[in-house]
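> Have a look at this prediction, sequence included:
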There are 8 protein chains.
Amino acid sequence: MTTQTPVAIVMGSQSDWQTMRHAAETLAALDIAHDARIVSAHRTPERLFAFARGARDEGFKVIIAGAGGAAHLPGMVASLTPLPVFGVPVQSKALSGQDSLLSIVQMPAGIPVGTLAIGRAGAVNAALLAAAVLALSDTGLAARLDDWRAAQSAAVAERPQDD
Amino acid sequence: MTTQTPVAIVMGSQSDWQTMRHAAETLAALDIAHDARIVSAHRTPERLFAFARGARDEGFKVIIAGAGGAAHLPGMVASLTPLPVFGVPVQSKALSGQDSLLSIVQMPAGIPVGTLAIGRAGAVNAALLAAAVLALSDTGLAARLDDWRAAQSAAVAERPQDD
Amino acid sequence: MTTQTPVAIVMGSQSDWQTMRHAAETLAALDIAHDARIVSAHRTPERLFAFARGARDEGFKVIIAGAGGAAHLPGMVASLTPLPVFGVPVQSKALSGQDSLLSIVQMPAGIPVGTLAIGRAGAVNAALLAAAVLALSDTGLAARLDDWRAAQSAAVAERPQDD
Amino acid sequence: MTTQTPVAIVMGSQSDWQTMRHAAETLAALDIAHDARIVSAHRTPERLFAFARGARDEGFKVIIAGAGGAAHLPGMVASLTPLPVFGVPVQSKALSGQDSLLSIVQMPAGIPVGTLAIGRAGAVNAALLAAAVLALSDTGLAARLDDWRAAQSAAVAERPQDD
Amino acid sequence: MTTQTPVAIVMGSQSDWQTMRHAAETLAALDIAHDARIVSAHRTPERLFAFARGARDEGFKVIIAGAGGAAHLPGMVASLTPLPVFGVPVQSKALSGQDSLLSIVQMPAGIPVGTLAIGRAGAVNAALLAAAVLALSDTGLAARLDDWRAAQSAAVAERPQDD
Amino acid sequence: MTTQTPVAIVMGSQSDWQTMRHAAETLAALDIAHDARIVSAHRTPERLFAFARGARDEGFKVIIAGAGGAAHLPGMVASLTPLPVFGVPVQSKALSGQDSLLSIVQMPAGIPVGTLAIGRAGAVNAALLAAAVLALSDTGLAARLDDWRAAQSAAVAERPQDD
Amino acid sequence: MTTQTPVAIVMGSQSDWQTMRHAAETLAALDIAHDARIVSAHRTPERLFAFARGARDEGFKVIIAGAGGAAHLPGMVASLTPLPVFGVPVQSKALSGQDSLLSIVQMPAGIPVGTLAIGRAGAVNAALLAAAVLALSDTGLAARLDDWRAAQSAAVAERPQDD
Amino acid sequence: MTTQTPVAIVMGSQSDWQTMRHAAETLAALDIAHDARIVSAHRTPERLFAFARGARDEGFKVIIAGAGGAAHLPGMVASLTPLPVFGVPVQSKALSGQDSLLSIVQMPAGIPVGTLAIGRAGAVNAALLAAAVLALSDTGLAARLDDWRAAQSAAVAERPQDD
């Protein structure tokens, strides 16, 4: 059941919203309530601690965290909450998100972050993965996700078109 | 409650077991039933299709998939089931798992794979992430996971020791 | 003899056509019939299976497959058909096709994909490699390919020109 | 029918044989005659020219070329013969074959090299790809290749075994 | 003056001590007191917060932080203290410290970590950089550091020796 | 107290100023005097020697050095002065600063360069790290730096805004 | 003495001229005669052989070779002539010249190519390196090169300028 | 004629001799006198300046410089002498010489270093390139180099041998 707000989307800065809003839009398309916040691991560590420590009590079930460069937000959130955390590496300027990806995915044994692709695709997929998790105990959402996937398949044209 | 078998662990070959058994051991430590199978995307594509198409009906809730090199197993399983899929990049010989990692994490928008770290750490963490997902609707498991995490924190010594 | 349609060009999405049409154009320049289709490994796995399983019976002799990011199409086609498969890594946004290249070329022993360069050059060359294969049993095509190569050599100017 | 010697295996040095003999063994397993030679692009350029220029007249149909580091052999052979050329990047000491791979696969439009994986897997697969090409006009070989692939699939165990 | 303990060395786990003790030994050689602790950003986030928040009040002047993989410790410490933080990327298993390096050095504008080389060299140099900082207000240490550097220069032989 | 000029900013060429002026601006915002100079390790090695040899006697306490490509300036300055040196990898054209980063950070044991992020973020952070060092013996600056950090934290919005 | 034409500049295609003309311009600035030609290793292998085999007899003393992607031209020229060969990696589209660099620099023991930086800087420097070689037996050129270097040093401003 | 000592081999540390002695041995095989010295750019910058400034007056004609990691020696020598400098990237521990290579080859326009392959192959080839340069004005050496190259070609076996 998703009557409350099961998904939190957190990101390191306003500039990450250009990427992370694709997560928000995908959740909305699946009728999943979410709350989007800026939580900078580096500039607002107290906010990070407060958010992550309290996330389960706030009623969140899944956390989507996006960050770029030395991207510590997803891993630090995961260290502070038992909830599943999905990380989105935001494409960085100099290294195109290779730094973001490694900073998020290469977590040591003990604290997992389920990491998605760099950039927009990763943001969309973080939402879909959150949906898949929530659908395990929400048959309505499971049906909506099945429909979404079926529609996606049906939308693939048989042949390429010249522009 | 985990009376059935909620987690499937699939891997591309026998040689991946050296890595993936760490997922199995971690699930066992948390008292989560699992089933470990070899499903090669490339050598047994029919088995892949049959497994992934039927995974939900078999009663699985989460799938952990490990593979190395041009690692297609996690993504192809994810394309064939609505269940959450967590991918473990197995360390490859020539490229140390960089190929495995990119082949698993860089999925296009539409089909998510929550990707963990290369190698053993990733296998352990895939199990912990599966546990976090299952704990959302299993208070007993949630308590066990909390205990596991607390024990892990408590086991960190205050100061380093010379060998 | 190439009276039927010996070459299938498959690609993961409409956006890949910008790259893959260079394969189509090169085949056309060599008077080789081809059929271009969109087959998404991830969004249309059933179509992938049906296509690849039936490719030999459809009369195809060579398959050119292009995809980007976690590019699973070429390898999965190769797992499902005994026909020679040539893969084209499409240039991806964040990683410039390094992910596409590794996802295609690093196949495990047992299932080969002959991989070409990233992007347009790879698409042209996949067509030329298909032509070289077909020319083994088609003397007319062999002559056309020889002419094409001779013309290419002759077109190289002796000295560079200022713009 | 493969009564003559349809496949040439060339490599840059004796040390590459440790990798390339896996191509030879795989061809032998499929009952395909082959000829293995050392042809160094850099130390024996005349031999390279003589071999590649004469390969079609020698009766070869497919050329497998392996080299490491700044691996120029596959591309230079391909520039000198219209036959299909499949390249195997040999794992190099410092860069683990990343240099070999890029030197072979990133050919410019006009001269294709179908590139396989770094190291042993690539050598095996070059042989299998050559077999797939030759099988297009050799029904006996096609049957043997189908059997080989079926046996490979059948050999995949259902479940992993502890050592 | 260095009568108190001006340098804290923190590391993510016991296994990092193999690298970080070179920092401790270098500080000892320069007669700089230090305190070495295990502070895991991921397994002991509370300890991280307590340590970093209190480091200035404990009397530390410089913090040396070493970690590997998705190495968040140096950056998170830097977010929580105004003291200068120097980061040491520990060599990781799969990626040889490339992940550690990018996770530490690619900090966003606002929170600096002065990053040293991967592994032992970085640990030694973190100590030397801490010494250079402390020497700005400690003429005794400045003299010891000058001597150390002069001795280092004098120890370089004029000609290489066969083993 | 910062009545003199405690920070030197040196860079390899005029083109680096586009990056390095962010260091200058950040120092200015913290009311720290600085002197910005062009010192090319390669084109003006005599100037490099004169500057670095004399930096301590000129009264500098910290040196910020920025360079791109085969970036030797920070390391060579560090070899010639006992002062703390902070290096800024300038983003290069072909390799996006990966060459700059490795050329600066991978110093051998014995001569440290505290390295910051590639590009503008690194320039800002080099200034902040210099400030943290100087603040150790300048309570006024320590207070200004605390204020700067607090203002930075306070400036982070709670929620992302659509453009 | 440089009355004849001591330097040949060869490049793989017309498009490389945008890079390689910087070599030509630098040679011209030093009053060194040169001859610029297009020699494609892949599209005109016969021309490559004829050129490289005859280069010493044509009177060339140094060869500058530029190419991109799987850049085989410099190494193949070096395999066919005892003259010193300097290679310029042209910046490629997808991989920014990383492929060009590795294809040129990673030559096996026995056939050297002195490799310069990717792109324009490498082209300029190939000319300067050729000049340094020729200056060993041409005191007039040695003086001109000294002057050129002195002028370069003198042209470095003391301080950066805002735009 | 090479009665004096035309080649200097310099390296950053004793540990580089394991690589650089291959340059010495190759020069010896060609009967070229050389002088091998340790010159650390970082630990002995004065020695670096003295050596490089005086190299032409000492009678050297070519300088071979090897270093690893943040390898500044070749470029700094080149900044201080008009003689041709050839750089050898020594294989480093963590990054296998990728850092060494980029630190040496990516020199800015104005100061060239002709860079060879990472490790032993590069050391051998630096010697061969020095020989090619010296042979331009030494017919005896030119003949010896031709013989060396011919012997190298002749030593390549026609076919690979099983061990």
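Received, thanks.
> tell me the pLDDT at A:M1?
Model confidence at A:M1, given as pLDDT, is 39.
> wait, I meant A:D163
Each residue has a pLDDT score; the one for A:D163 is 75.
> ok, and the closest non-adjacent residue to the residue of chain A found nearest chain F?
Going by C-beta to the nearest C-beta, chain F is nearest to A:W17 of chain A, at 3.6 Å. For every residue, glycine as well, the C-beta is placed using N, CA and C. In space, and not counting its chain neighbours, A:W17 is closest to F:P160: 3.6 Å by C-beta to C-beta, 6 or more residues apart in numbering or on different chains.
> Got phi/psi on that neighbour?
When read as degrees, to the nearest 10, the backbone of F:P160 gives phi -70, psi 150.
> What is the burial count for it?
Other residues near F:P160 number 20, with proximity taken as other C-beta atoms under 10 Å in any protein chain shown.
> before we move on, back to that, so which strand or helix has the residue of chain A closest to chain F?
Following DSSP states H and E, one finds A:W17 within helix A:17-29.
> Which residues of chain A lie near chain B?
Within reach of chain B by C-beta under 8 Å from any C-beta of the partner chain, chain A has these residues: A:22, A:61, A:82-84, A:86, A:101, A:105-118, A:120-121, A:124-126, A:128-129, A:132-133, A:135-137, A:142, A:145-146, A:149, A:152.
> tell me the contacts of the residue of chain A closest to chain F?
A:11, A:36, F:160-162 (C-beta atoms under 8 Å, 6 or more residues apart in numbering or on different chains).
> Which of those are buried? Put it as a PyMOL command.
Here is the PyMOL selection string for the buried members of these, based on 16 or more other C-beta atoms under 10 Å in any protein chain shown:
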select buried, (chain A and resi 11+36) or (chain F and resi 160)
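> Which of the contacts of A:W17 fall within strands?
Within the contacts of A:W17, residues falling in strands by DSSP state E are A:11, A:36.
> Throw together a ChimeraX command that grabs the buried residues out of the residues of chain A next to chain B.
The ChimeraX selection below is limited to those of the residues of chain A next to chain B classed as buried (16+ other C-beta under 10 Å):
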select /A:22,61,82,83,84,86,101,105,106,107,108,109,110,111,112,113,114,115,116,117,118,120,121,124,125,126,128,129,132,133,135,136,142,145,149,152
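> So which of the residues of chain A next to chain B sit within helices?
Members of the residues of chain A next to chain B lying in helices (criterion: DSSP state H): A:22, A:101, A:105, A:120-121, A:124-126, A:128-129, A:132-133, A:135, A:142, A:145-146, A:149, A:152.
> Keep only those that also lie close to chain E.
A:V105.
> circling back to that earlier point, so the residue nearest to A:W17 is in contact with A:A36, correct?
Yes: in this structure, F:P160 is within contact of A:A36 by C-beta atoms under 8 Å, at 5.7 Å.
> Quick check: neighbours shared by those two?
A:11, A:17, A:20-21.
> Can you tell me which of those is nearest F:L48?
Of all the shared contacts of F:P160 and A:A36, the one with the least separation from F:L48 (C-beta to C-beta) is A:M11, at 42.5 Å.
> Helix or strand next in line after the helix or strand harbouring A:L48, which one?
In the assignment (DSSP H and E), A:L48 maps to helix A:45-54. Sequence order places strand A:62-68 as the next helix or strand after helix A:45-54, per DSSP H and E.
> that older thread, for the helix holding A:L48, packing partners?
helix A:73-80, helix E:45-54, helix E:73-80 (3 or more C-beta pairs under 8 Å, 6 or more residues apart in numbering or on different chains; DSSP states H and E).
> Could you give the separation of the last one from the chain centroid?
In other words, helix E:73-80. Centroid displacement of helix E:73-80 relative to its chain, using C-alpha atoms, centre = their mean, to the nearest Å, is 13 Å.
> Which other helices and strands does it contact?
When contacts are defined as 3+ C-beta pairs under 8 Å, 6+ apart, helix E:73-80 packs onto helix A:45-54, strand E:7-11, helix E:45-54, strand E:62-68, strand E:85-90, helix E:98-105.
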